[in-house]
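Trainee: Just need the structure, nothing else, for what follows:
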Amino acid sequence: MLTKGFEVEMYTGTPQGEVVGLSDKIVAALDGFVREPDSRNVEYTTPPLCRYERLLCELVRPRQKLRTYLQSLGNYTLIPGSTLPLGESDRFYRSDPSNPYHTYIEQTYGTTVVTASIHINIGISDPELLMRACRLVQVEAPLFLALSAASPFLGGKVTGKHSTRWNVFPKTPAYVPLFESHAHYIRWVEEQLKLGTMQNVRHLWSSVRPNGDRRPYSLNRLELRICDLVSDPIAMLGIVALLESRIMQLMANPELDPLVASTLPASTRADDLVTLTNANEQAASEKSLDAELRHWRDGKPILARTWIEELYQEAWTMAKPQGFSCFLTPIKKILREGNEAQRWLKLIDQGMDVSGVVMRSIQTMKEQELLLADEICQPQAA
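Mentor: You can find the predicted model right below:
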């Protein structure tokens, strides 16, 4: 099994759904939390782990610690979702006014970057295998967005998008190729830094990217960045299990590499796959599981949920001998009941307003975490 870890961005605020900037206080008081450019969300990172049971606890425990601290500040809580659901959505609240990179972000992108998400890191030490995995995950990233979509609201309104976050997020640079090799990736990053399309090696805001301690030269993991914040930790593990299974399939069968397996014209295949994938990301941001996508293998139309169902069957076959197929089961529930955005929009259709849906989801997330903390994340389980 591969190592797995999360970078989790979350909003803080009131039980009524008002997002309040508290990251300066949180970062000063609690180890393991870092600030984002806007003070209304805060980030924590889990260590790389192989076992899903331990990963679940590392996902839940920091939130419990954060919740306790938020209560000491007043009646504050964690707010699910990946865009500012209520109130102001056009004003930037700087968490570190003296940081020049934050100044660049605010002036260049404004509040389109004030989102919350969950980044999934999968450990891969071989740089060429990592590039191959990035290629496969890049063309299938829209499926992970479809599973995780959780931002149908912005500023108190229904936006008409299931993932408003990814619909508005400034993917940077505007064009990111399928990297054919580690050397190609190094050359491309160095060129972007010279051109100024990237301000630094971190300024690669795409659906998936190679990551490591000294980018672009020293790499050790794949980072999937497209997912909205999935508030249910169990569902989040299901998405990770699908991702890990898919990468393990590629390791067992290098022919899954899109540059090899796609039947699109060889002369334009790499560019065609990027164009196709970008269109799929846009469609998934709008309709998530119900989006019509085009398959990277042959360019033919396929519903996102149908494609995910096909991958699920393959993934289960791969995960079963490794002993983690049970962690895939939340995928079936998401396909059956809808992702978070779809479930929230169903409540809107039933007559609830945005504020009511947000307040209800805040309470649901809190109860889920408490239950998990009590049942499986006791100290002796560490």
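Trainee: now the helices for the protein?
Mentor: 23-29, 52-73, 100-109, 127-148, 164-168, 182-195, 233-252, 258-261, 269-287, 304-322, 329-337, 340-349, 354-375 (DSSP state H).
Trainee: neighbouring contacts of the shortest one?
Mentor: Outside of helix 258-261, the residues within contact range by Cβ atoms under 8 Å, 6 or more residues apart in numbering are 135-136, 139, 178, 180, 254-255, 269-270, 273, 296-297. Where C-beta positions appear, they are placed from N, C-alpha and C, glycine not excepted.
Trainee: for Asn280, what are its contacts?
Mentor: 142, 291, 293-294.
Trainee: what's the residue closest to the geometric middle of this protein?
Mentor: Cys227 (2.5 Å; Cα atoms, centre = their mean).
Trainee: Torsion angles phi and psi at that residue?
Mentor: With angles defined as degrees, to the nearest 10, Cys227 sits at phi -70, psi 140.
Trainee: Show the contacting residues for the nearest residue to it once chain neighbours are set aside.
Mentor: Among residues not flanking Cys227 along the chain, Ser148 sits closest, at 4.0 Å (Cβ to Cβ, 6 or more residues apart in numbering). Neighbouring residues of Ser148 by Cβ under 8 Å, 6+ apart: 118, 163, 226-230, 239, 339-340.
Trainee: biggest separation within those residues, which pair?
Mentor: Ile226 and Glu340 (14.9 Å; Cβ to Cβ).
Trainee: Surely Gln249 and Trp316 touch.
Mentor: No. Shown here, Gln249 and Trp316 do not form a contact pair, counting by Cβ atoms under 8 Å, at 11.2 Å.
Trainee: ok so, going back, give the PyMOL command for selecting the buried subset of the contacts of helix 258-261.
Mentor: Filtering the contacts of helix 258-261 down to the buried ones (16 or more other Cβ atoms under 10 Å) takes a single PyMOL command:
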select buried, resi 135+136+139+178+269+270+273+296
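Trainee: can the contacts of helix 258-261 go into CSV with extra columns for pLDDT and distance to Tyr11?
Mentor: Below are these laid out as CSV (pLDDT from 0 to 100; distance: Cβ to Cβ, whole Å):
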residue, pLDDT, distance to Tyr11
Arg135, 98, 33
Leu136, 98, 32
Val139, 98, 31
Leu178, 97, 33
Glu180, 96, 38
Pro254, 92, 41
Glu255, 91, 42
Arg269, 96, 40
Ala270, 96, 37
Leu273, 98, 34
Trp296, 98, 34
Arg297, 96, 38
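Trainee: Can you lay out the contacts of helix 258-261 as CSV showing distance to Lys157?
Mentor: Shown next, in CSV, are the contacts of helix 258-261 (distance: Cβ to Cβ, whole Å):
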residue, distance to Lys157
Arg135, 37
Leu136, 37
Val139, 33
Leu178, 36
Glu180, 43
Pro254, 47
Glu255, 46
Arg269, 41
Ala270, 39
Leu273, 35
Trp296, 34
Arg297, 38
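Trainee: Can you pick out the most distant pair from the contacts of helix 258-261?
Mentor: For the contacts of helix 258-261, and using Cβ to Cβ, no pair is farther apart than Glu180 and Arg297, which are 18.5 Å apart.
Trainee: quick one: buried residues of stretch 299-311?
Mentor: Buried residues in stretch 299-311 (16+ other Cβ under 10 Å): 302, 304-305, 307-308, 311.
Trainee: ok, so of these, who is nearest Tyr109?
Mentor: Ala304 (27.4 Å).
Trainee: shaky segments in this protein?
Mentor: 378-382 (pLDDT under 70).
Trainee: looking at the helices of the chain, which is closest to Leu2?
Mentor: helix 233-252 (5.6 Å).
Trainee: and the closest one, what does it pack onto?
Mentor: strand 4-13, helix 52-73, strand 118-123, helix 127-148, helix 304-322, helix 329-337, helix 354-375 (3 or more Cβ pairs under 8 Å, 6 or more residues apart in numbering; DSSP states H and E).
Trainee: Which elements pack onto the fifth one?
Mentor: Read that as helix 304-322. Using 3+ Cβ pairs under 8 Å, 6+ apart, helix 304-322 sits against helix 127-148, helix 233-252, helix 269-287, strand 292-294, helix 329-337.
Trainee: Repeat that for the last one.
Mentor: In this structure, helix 354-375 packs against helix 52-73, strand 77-79, strand 153-154, helix 233-252, helix 340-349, with contacts taken as 3+ Cβ pairs under 8 Å, 6+ apart.
Trainee: Out of those, which is closest to Thr108?
Mentor: That would be strand 153-154 among the helices and strands packed on helix 354-375, by Cβ to Cβ, at 19.8 Å.
Trainee: Centre of the chain to the closest one, how far?
Mentor: 18 Å (Cα atoms, centre = their mean, to the nearest Å).
Trainee: Could you list every helix and strand in contact with that strand?
Mentor: helix 354-375.
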